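K.L.:
Pasting the sequence and the predicted coordinates here, then a few questions.
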Amino acid sequence: RLVGVKKVMRFLPPVVTGPIIILIGLNLAPNAVSNASSCWWLALLSIAVIVAANIWGKGMVKIIPILLGVVGSYAVAVICQITGMNTMDPAKLQALSDAAWIGLPFQFEDTLFGLFSRPNLDTGLLLTVDCGVNAVDMAALAKMGVRAFSDDGVGVQSGDVMEEAMKQSHALGTMIVAHTEDMSYRKPGAYMHEGTESKARGVVGIPSECEWKQLERDLKLVEKTGAHYHCCHVSAKESVQLLREYRSRGCDVSGEVTAHHLLLCDRDVVDANWKMNPPLRGEADRKALIRGLQEGALSLIANDHAPHSEEEKKRPLEAAPFGIVSLETAFPLLYTKLVLTGIVSLKQLVNWMSTAPAERFGLARRGRLEEGYASDFTLVDLNEEYIINRNHFLSKGRNTPFHGWRVKGKIKATYVDGTCVYEEGKQ
């Protein structure tokens, strides 16, 4: 029956499928709707548009997990009274946490993410659903143990909002974790770095200013407010220089870089498996990122793991989603390309991928193999050579530009709190 529905729904415009979804929502939770705030219709309309657009693009079968997630998200919206997120007390926030875990597993099957309840990561949300117009109730979240606030995925466009968030964060002893992206520099249809390569290909590019201009604004605010600040997935050489400059001034700032930005550049782009945000930039940027790690301008290495379906990544570059998977490839790639080539040491790599992140984010008893620390560790055969095969990934995401690369450093087992959570050859 679903196959038949898929064939019909895919050819219906959102204007038709939207009202259908609204009716489903009303039928699922009529009492909840009547108890929600005066903007309940806006929430339902937003959900309808999102789901209808996904049905239009993916078909009904692929939308089932999203529908399940929407049900959980709708329950969250009701608990929050939709527009009352800024005034939620800790009791309501805990209810939000409990309800969100109903929806999150369906929506984000591959993420290693804990909204409030995971012990290894206590990161709260910096912004509400209005995309940077207001900050959340940071004090209430901090009382629950949240130590960092992030807008990852959307840059905070308003300097006033960011300044207020930094003031609150500094007063609470927490940290701002920012995705810096000034959308005034982002042209419609842009999908790769703006440079000689994009011009040669005749495509719309994303300039480095899109990243470093907002970072520059944020760092000035850090110096003004005294906030603790971390910049996600740095990609531009100008960003590295800015972090180097403000760290030398004594500001409490740090930045991270991903494996793909360390190993690839814009001229390597082939298809949508090379499309991520921020994009792969020029060779000069790639080399600057490596120097940034070596010289201390950049503090750690992150994954920015973003799984997408094969169907999504088969679309043309301009239409495909941003992001690649990285959890299963980052260490062997960096060990092979940076350690074995003598660019960095194994000790440095382990520090950037484990010890430094734990220390920067204040994760107690994590990141070291020492007495009194949690037994979190990975067993790696540094001599075993193999070819990266995306079809062998445990993640459902296969979107990697590193398929077919020959690497050393095979992961044999992973332990969390002394418990084996992964062993090669076993599910």
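P.N.:
Arrived safely, thanks for sending. Numbering: from 1, shown residues only.

K.L.:
Give the rounded mean pLDDT of stretch 288-302.
P.N.:
For stretch 288-302, mean pLDDT is 97.

K.L.:
Could you do stretch 252-259 as well?
P.N.:
98.

K.L.:
and what of stretch 232-244?
P.N.:
98.

K.L.:
All the strands of the stretch 151-300 of the chain, residue numbers only.
P.N.:
Secondary structure of the stretch 151-300 of the chain (DSSP state E, counting those that start in this stretch): strands at 175-178, 192-193, 205-206, 228-231, 253-258, 300-302.

K.L.:
and of the ones you listed, who's closest to A356?
P.N.:
strand 300-302 (4.3 Å; C-beta to C-beta). From N, CA and C alone the C-beta is placed, and that goes for glycine too.

K.L.:
Neighbouring strands of that closest one in the sheet, and parallel or not?
P.N.:
Paired neighbours of strand 300-302 in the sheet (DSSP bridges): strand 253-258 (parallel).

K.L.:
you'd agree L394 is in a strand?
P.N.:
No - counting by DSSP: H, G, I helix; E, B strand; the rest coil, L394 falls outside a strand, being coil.

K.L.:
Does it touch E328 like I think?
P.N.:
Yes - L394 is within contact range of E328, at 6.8 Å (criterion: C-beta atoms under 8 Å).

K.L.:
Between the two, tell me which one has more neighbours.
P.N.:
E328 (19 against 10; other C-beta atoms under 10 Å).

K.L.:
Look up how far G202 lies from that one.
P.N.:
35 Å (C-beta to C-beta, to the nearest Å).

K.L.:
and G255, how many residues sit next to it?
P.N.:
Other residues close to G255 by other C-beta under 10 Å number 27.

K.L.:
now swap in the one 10 residues further on and tell me
P.N.:
Look at C265: counted by other C-beta under 10 Å, it has 20 neighbours.

K.L.:
Please tell me how far it sits from M276.
P.N.:
C265 sits at a distance of 12 Å from M276 (criterion: C-beta to C-beta).

K.L.:
likewise A190?
P.N.:
13 Å.

K.L.:
For the stretch 301-427 of the chain, which segments are assigned as strands?
P.N.:
Secondary structure of the stretch 301-427 of the chain (DSSP E, counting those that start in this stretch): strands located at 377-387, 406-416, 419-423.

K.L.:
Of those, which stretch is the most buried?
P.N.:
With neighbours taken as mean count of other C-beta atoms under 10 Å, the strands of the stretch 301-427 of the chain reach their highest mean count in strand 406-416, at a mean of 16.

K.L.:
which residues are common contacts for C265 and M276?
P.N.:
Shared contacts of C265 and M276 (C-beta atoms under 8 Å, 6 or more residues apart in numbering): none.

K.L.:
just for the stretch 51-200 of the chain, where's the confidence low?
P.N.:
The model of the stretch 51-200 of the chain has pLDDT under 70 over residues 51-135.

K.L.:
actually the stretch 251-400 of the chain, not the one I typed
P.N.:
In the stretch 251-400 of the chain, no residues with pLDDT under 70.

K.L.:
Which parts of it are helices?
P.N.:
Assigned by DSSP state H, counting those that start in this stretch, the stretch 251-400 of the chain shows helices spanning 259-263, 283-295, 310-313, 330-334, 346-350, 356-360.

K.L.:
Identify each buried residue in stretch 354-364, please.
P.N.:
Using 16 or more other C-beta atoms under 10 Å as the burial criterion, the residues of stretch 354-364 that qualify are S354, T355, A356, P357, A358, R360, F361, L363.

K.L.:
I figured the first one hits Y373, correct?
P.N.:
Translated: S354. No - using C-beta under 8 Å, S354 is not in contact with Y373, being 11.0 Å away.

K.L.:
what residues are shared contacts of those two?
P.N.:
Common neighbours of S354 and Y373 (C-beta under 8 Å, 6+ apart) are G367.

K.L.:
re earlier: would you list the strands of the stretch 301-427 of the chain in TSV and tack on distance to L338?
P.N.:
Formatted as TSV, the strands of the stretch 301-427 of the chain follow (distance: least, C-beta to C-beta, whole Å):
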stretch	distance to L338
strand 377-387	13
strand 406-416	11
strand 419-423	24
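
K.L.:
so which of those strands comes closest to Y185?
P.N.:
strand 406-416 (35.2 Å).

K.L.:
residues in contact with the closest one?
P.N.:
Residues from elsewhere that reach strand 406-416 (C-beta under 8 Å, 6+ apart): 120, 328-329, 331-333, 335-336, 340, 374-388, 420-424.

K.L.:
Could you check the angle that strand makes with strand 377-387?
P.N.:
For strand 406-416 against strand 377-387, the angle by axes from the mean of the first three to the mean of the last three C-alpha atoms, to 10 degrees is 160 degrees.

K.L.:
Grab the CA positions of strand 406-416 and hand them over as CSV.
P.N.:
Output of strand 406-416 as CSV, limited to C-alpha atoms (Å, rounded to 0.1, in the frame of the first residue of the first chain):
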residue,chain,number,x,y,z
ARG,A,406,44.0,2.9,1.1
VAL,A,407,44.8,3.6,4.8
LYS,A,408,46.4,2.1,7.9
GLY,A,409,45.0,2.0,11.4
LYS,A,410,42.1,-0.4,11.6
ILE,A,411,39.7,0.1,14.5
LYS,A,412,39.3,-3.2,16.3
ALA,A,413,37.2,-2.3,19.3
THR,A,414,35.7,0.7,21.2
TYR,A,415,35.0,0.9,25.0
VAL,A,416,32.9,3.4,26.8
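
K.L.:
Okay, now the sheet partners of it, with direction.
P.N.:
strand 377-387 (antiparallel), strand 419-423 (antiparallel).

K.L.:
for those strands, which one sits closest to G145?
P.N.:
So among those, strand 419-423 is nearest, using C-beta to C-beta, at 22.5 Å.

K.L.:
Quick check: D268 touching L280?
P.N.:
Yes - if you go by C-beta under 8 Å, D268 and L280 touch, sitting 6.5 Å apart.

K.L.:
what sits in contact with each of these two?
P.N.:
In contact with both D268 and L280: W274, using C-beta under 8 Å, 6+ apart.

K.L.:
The two: who's more crowded?
P.N.:
L280 (24 against 14).

K.L.:
List phi and psi for the more buried one.
P.N.:
phi -70, psi 130 (degrees, to the nearest 10).

K.L.:
show me what contacts W405?
P.N.:
W405 sits next to L333, I387, I388 when contact means C-beta under 8 Å, 6+ apart.
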